[in-house]
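Trainee: Need a 3D model of the following:
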Amino acid sequence: MRNQIIQKYSQLNNQNFEAIALEVFQYQAQNNPLYQKFLKLLGISIMDITSLQQIPFLPISFFKNHLIKTADWPTQTIFSSSGTTGQTTSQHHVRDLEAYTQNALKGFQQFYGNIQDYVVLALLPSYLERQGSSLVYMAEQFIQHSHYKQSGFFLYNTQDLLKVLGECTKKNWPTLLLGVTYALLDLAAEHPTDLKNTIIMETGGMKGRRKELPKFEIHRQLKTAFQVKNIHSEYGMTELLSQAYSKGEGVFYPSATMRILLRDITDPLHILPTGKTGVINIIDLANIDSCSFIATDDLGRLRPDGGFEVLGRLDLSDLRGCNLLLS
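Mentor: The predicted model follows:
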């Protein structure tokens, strides 16, 4: 059943997404012990689920205290979230890293074209300093698939980064500067420079290094310092294997294997209509081996065209380091 579903992923579109997602639900409801128990405690019969709006979404916090696997398989790697000392972090067991890589590459290509055509410069110091970051792994794959030898990670070697950026600008190479927010702000403050031919993509996160700022103010500072029209953003997290991207104005669009629904703050089983503000539920079909239906702690607003905005977090939620800036 798993293999049959995966074969359909290459033909995913707006018309058949719901049908395939319902197949994934049936598969996970039957073969994921934790999700199966969750549904049972809710008193929900699997056969009664006939639409996306009826699917119960597993709270994202379960990744902190439970092993979440659909079927039995050996773990290839574990992606883990960041956290302060003593804090319980999320653990996402991954069955197939190559499948994750191909999905990430296709997700990027959907919005920007083939990653091999870009110089990929990753400014992710706090993520590089710990183990298990899915963001670092994704950036590493982007770098490896780039056709430019100038692609690479930059920890605190700012001068090397500026030298490569200057070369890219001079030669008019397509360039992606992927950075954690506080590091991009530090670069903007200390080394403002003309990067108008560069896609500057922030991944969120102050990591306690800077004062939290509204998203629009972060983007204003970066646009002014780097002389660009828009600041791009990536929305992803440890518990997901798909990403969403924003080309500006804080509006994200999910990749082909991902969909966004909003739930009522006071009723987690009630799905809100487009235009309302609620809590983000994510369908991630790339999560076929863990759980594809995740109830996050992010507040958001859904647009009629399928795009969405991230407005902040639920009160009392644990702080984490991925795209959780208050607007």
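Trainee: Every contact and neighbour count from this point should use C-alpha atoms.
Mentor: Fine.
Trainee: Could you give the number of residues near the residue nearest to residue 288 when sequence neighbours are not counted?
Mentor: Distance criterion C-alpha to C-alpha, 6 or more residues apart in numbering; nearest residue to residue 288, sequence neighbours excluded, is residue 24 at 6.8 Å. Residue 24 has 24 neighbouring residues, counting by other C-alpha atoms under 10 Å.
Trainee: Contacts for the worst-scoring helix or strand of the chain on mean pLDDT, please.
Mentor: Here the helix or strand of the chain ranked lowest by mean pLDDT, DSSP states H and E is helix 125-128, holding a mean of 80. Outside helix 125-128, the residues within contact range by C-alpha atoms under 8 Å, 6 or more residues apart in numbering are 133, 135, 136, 154, 155, 156, 180, 183, 207.
Trainee: show me what contacts the second one?
Mentor: In other words, residue 135. 127, 236, 237.
Trainee: list the helices and strands the helix or strand where the residue nearest to residue 288 lies packs on?
Mentor: Element membership for residue 24 (DSSP states H and E) is helix 17-31. Applying 3 or more C-alpha pairs under 8 Å, 6 or more residues apart in numbering; DSSP states H and E, we find helix 17-31 packed against helix 2-8, helix 33-42.
Trainee: nearest to residue 221, of these?
Mentor: Proximity to residue 221 (C-alpha to C-alpha) singles out helix 2-8 among the helices and strands packed on helix 17-31, at 42.6 Å.
Trainee: Let me see the mean pLDDT of the closest one.
Mentor: Here helix 2-8 scores 95 as its mean pLDDT.
Trainee: which strands and helices sit next to it?
Mentor: So helix 2-8, by 3+ C-alpha pairs under 8 Å, 6+ apart, packs with helix 17-31.
Trainee: Tell me which residues of the helix it packs on come out buried.
Mentor: By 16 or more other C-alpha atoms under 10 Å, the buried positions in helix 17-31 come out as 17, 18, 20, 21, 22, 23, 24, 25, 27, 28, 29, 31.
Trainee: can you check stretch 291-309 too?
Mentor: Across stretch 291-309, burial judged by 16+ other C-alpha under 10 Å covers 291-303, 307-309.
Trainee: got it, and stretch 195-203?
Mentor: 195, 197, 198, 199, 200, 201, 202, 203.
Trainee: any idea which of those residues is closest to residue 228?
Mentor: residue 195 (6.6 Å).
Trainee: thinking that closest one is in contact with residue 224, fair?
Mentor: No - using C-alpha atoms under 8 Å, residue 195 makes no contact with residue 224, being 10.5 Å away.
Trainee: quick one, helices of the chain?
Mentor: 2-8, 17-31, 33-42, 97-112, 125-128, 134-145, 158-171, 181-190, 215-226 (DSSP state H).
Trainee: Go through the protein and flag its longest strand.
Mentor: strand 293-302 (DSSP state E).
Trainee: any residues touching that strand, and which ones?
Mentor: Contact with strand 293-302 is made by 55-60, 260-262, 274-284, 308-314, 317, 324, as judged by C-alpha under 8 Å, 6+ apart.
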